[in-house]
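**Student:** Build me a model from this:
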Amino acid sequence: MGRRSYFVSDLHMFSRRSQAAEHGDALQQTAGRAKTFVLGGDIFDFRWSTLPSTEATVSAAIRWLDSLVGAHRTCDFHFVLGNHDCNSRFVESLEKYARKQPNLEAHPYLLRLGKAVFLHGDVADHPRMCEARLTHRRQHWSRDEKRRGSVKNMLYDWAVQARLHQLCGKMVHPKQRVTRRILGYLNRIGQGVESGTEQVYFGHTHQSLSAYKQGDVLFHNGGAPIAGLDFRIVEVA
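**Tutor:** Predicted coordinates for the structure are as follows:
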């Protein structure tokens, strides 16, 4: 059996809620046996970073990437940006780093591999998302360097402890609506069913999905490593 491909998203590294460190060994082991590994956005979290500055978060992010990409030269890595890690300073450093790494490519919005599409999933935040609207929304996030203070972090921590994030996630991102919106977006940009898409891998919602069918397309989401939520590294079909 040949080497497989994998997808992971929403690690939200450097935020207080992230439990990504607990999955570090699993990520390394998966990369060691992978043909392709897609990092599907919000791998890092610049809005909620606990590090002292944006520059410090950028440096830590590149070091983490190098520990993964640099250690597994026979694996092809793809970094698809999300809203929490499309910070302009990080994107510049990511592109500079990728130019030095033959096994890493960066993608601002979407990656297509055969009949599979990989994207972050924030396209589901609007019922008629299109390229122009998504670009405009991401521009806001690209300039977002207002790290949240202790009060907002405490409120967020309380919500996680009370499991409110589970309820809110299901209410804000019901799977039927999310997958319908993503498929609509893909159809509008020429990457939908008519283009041959059969599988979609996405993140953003933090709600785990496995082969959820919307129309003729199967949707997959690995969740997020945050207390009370399911998380897994997704094997690509």
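
**Student:** How about the secondary structure of Tyr212?
**Tutor:** Judged by DSSP: H, G, I helix; E, B strand; the rest coil, the three-state class of Tyr212 is strand.

**Student:** tell me the phi and psi of the closest residue to it other than its chain neighbours?
**Tutor:** The shortest distance from Tyr212 to any residue other than its chain neighbours is 4.6 Å, reached at Phe219 (CB to CB, 6 or more residues apart in numbering). Where you see a C-beta, it was placed from the backbone N, CA and C, and this is true even at glycine. Per-residue torsions, Phe219: phi -110, psi 140 (degrees, to the nearest 10).

**Student:** Looks like Phe219 contacts Ser208 (just checking).
**Tutor:** No: the pair Phe219 and Ser208 does not pass the contact test of CB atoms under 8 Å, sitting 11.1 Å apart.

**Student:** out of those two, which sits in the busier spot?
**Tutor:** For Phe219 versus Ser208, neighbours defined as other CB atoms under 10 Å are more numerous around Phe219 (22 against 17).

**Student:** Look up which residues are beta-bridged to that one.
**Tutor:** Val200, Tyr212 (DSSP bridges).

**Student:** which residues sit in contact with it?
**Tutor:** Neighbouring residues of Phe219 by CB atoms under 8 Å, 6 or more residues apart in numbering: Lys175, Thr179, Ile182, Gln199, Val200, Tyr201, Phe202, Leu209, Ala211, Tyr212, Lys213.

**Student:** let's see it at 10 Å
**Tutor:** Phe219 is in contact with 121, 175, 178-180, 182-183, 199-202, 209-213, counting by CB atoms under 10 Å, 6 or more residues apart in numbering.

**Student:** residue contacts, the closest residue in space to His107 that isn't next to it in sequence?
**Tutor:** Leaving aside its sequence neighbours, His107 sits nearest to Val80 (CB to CB, 6+ apart; 4.7 Å). For Val80, the contact set (CB under 10 Å, 6+ apart) comprises 7, 9, 38-41, 43, 105-111, 118-121, 201-203.

**Student:** can you rerun that using 6 Å?
**Tutor:** Gly40, Gly41, His107, Leu111, Phe118 (CB atoms under 6 Å, 6 or more residues apart in numbering).

**Student:** Please flag which of those sit within helices.
**Tutor:** Judged by DSSP state H, the subset of the contacts of Val80 located in helices is empty.

**Student:** Columns pLDDT on top of those, output as CSV?
**Tutor:** Listed next are the contacts of Val80 as CSV, based on pLDDT from 0 to 100:
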residue, pLDDT
Gly40, 98
Gly41, 97
His107, 98
Leu111, 98
Phe118, 98
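
**Student:** Among those, which one lies nearest to Asp85?
**Tutor:** Of all these, Gly41 has the smallest distance to Asp85: 6.5 Å, by CB to CB.

**Student:** That closest one against Val8, yeah?
**Tutor:** No: counting by CB atoms under 6 Å, Gly41 sits too far from Val8 to count as a contact (9.9 Å).

**Student:** Which parts of the protein are strands?
**Tutor:** 4-8, 34-39, 76-80, 104-107, 110-113, 116-119, 199-201, 209-214, 217-221, 234-235 (DSSP state E).

**Student:** Can you add distance to Arg143 and give these back as TSV?
**Tutor:** Converted to TSV, the strands of the chain look like this (distance: least, CB to CB, whole Å):
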stretch	distance to Arg143
strand 4-8	26
strand 34-39	22
strand 76-80	20
strand 104-107	19
strand 110-113	22
strand 116-119	22
strand 199-201	28
strand 209-214	31
strand 217-221	27
strand 234-235	31
